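Trainee: Need a 3D model of the sequence below.
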Amino acid sequence: MPLFLCRWPNGDCSVVSARNTEGAIEELDQVGNAEGCPITPVHEFQIHLTLTDRDELALERLGDGTGPEIIACAYPALDRALADAYSDGAFDNYENLPPDRRAAIARAVEEERRRIDVDRSQTAEPLTELGRDIKQQLDLPTVVIDRTVRHAATTTLKRFKGRAKPS
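Mentor: Now for the predicted structure:
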């Protein structure tokens, strides 16, 4: 199943496995409503998790190609700032960068946190009036609402017993 990267308006990102973009939006509802957020396929992805003493999984690190692919895909201003900061090959890590290059990276991070403005006016409306009411109240993704309403309607119709056959 393909992986998709969702770039949230606050600068965060999520990676999810789904059949398609619609399925990704449905899965991402565990985090928030991803409608209108940039969602792109991820081609190279690897994470390393460590088991903590508190029986939880914690991110140890990303695979070598994962971070650069995500940065290039989801954070173009930061990608440019990093390319500029390391372009001359004089520095090999952030700690060794001079203050002006660190400041340029910090400005790019701030720009990235403000760059995405979600426009949900372009997203599809739910198919039913009930669905539109639910969307207005709960801000759920349309795909989740339509699936839930369809399931509830199907269940109700299966249980429906008519009075009698019309004559």
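Trainee: got the contact list for Ala81?
Mentor: Going by CB atoms under 8 Å, 6 or more residues apart in numbering, Ala81 touches 104-105, 107-108. C-beta: built from backbone N, CA, C; applies to glycine.
Trainee: Against Arg150, how distant is Leu157?
Mentor: 11 Å (CB to CB, to the nearest Å).
Trainee: Who has more neighbours out of these two?
Mentor: Arg150 (13 against 8; other CB atoms under 10 Å).
Trainee: ok, that one to Ser14 distance?
Mentor: 26 Å.
Trainee: And the helix or strand that contains Glu69, what's buried?
Mentor: Following DSSP states H and E, the helix or strand that holds Glu69 is helix 66-74. Of the residues in helix 66-74, 66, 69-71, 73-74 count as buried by neighbour count, 16 or more other CB atoms under 10 Å.
Trainee: Show me where the protein has its helices.
Mentor: Counting by DSSP state H, the chain has helices at residues 21-28, 66-74, 76-86, 99-115, 129-138, 142-159.
Trainee: ok, of the contacts of Ala81, which come out buried?
Mentor: 104-105, 108.
Trainee: Could you list the domains of this protein?
Mentor: Here the chain is described, according to automatic domain parsing, as comprising the domains 3-121, 124-160.
Trainee: will you turn the ones you listed into JSON lines that also has mean pLDDT?
Mentor: As requested, the domains of the chain are exported to JSON lines (pLDDT from 0 to 100):
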{"stretch": "domain 3-121", "mean pLDDT": "92"}
{"stretch": "domain 124-160", "mean pLDDT": "86"}
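Trainee: next one: phi and psi at Pro98?
Mentor: phi -70, psi 160 (degrees, to the nearest 10).
Trainee: got a list of what the closest residue to it other than its chain neighbours touches?
Mentor: Spatial nearest neighbour of Pro98, chain neighbours left out: Phe91 (7.9 Å); criterion: CB to CB, 6 or more residues apart in numbering. Phe91 is in contact with 85, 97-98, 101, counting by CB under 8 Å, 6+ apart.
Trainee: got it, and Gly36?
Mentor: Gly36 neighbours (CB under 8 Å, 6+ apart): 118-120, 122-123.
Trainee: how about a cut-off of 10 Å?
Mentor: 9, 25, 116-123, 141 (CB atoms under 10 Å, 6 or more residues apart in numbering).
Trainee: and the gap between it and Ile25?
Mentor: Using CB to CB, one gets 10 Å for the distance from Gly36 to Ile25.
Trainee: Mutual contacts of these two, please.
Mentor: Each of 123, 141 lies in contact with both Gly36 and Ile25 under the rule CB under 10 Å, 6+ apart.
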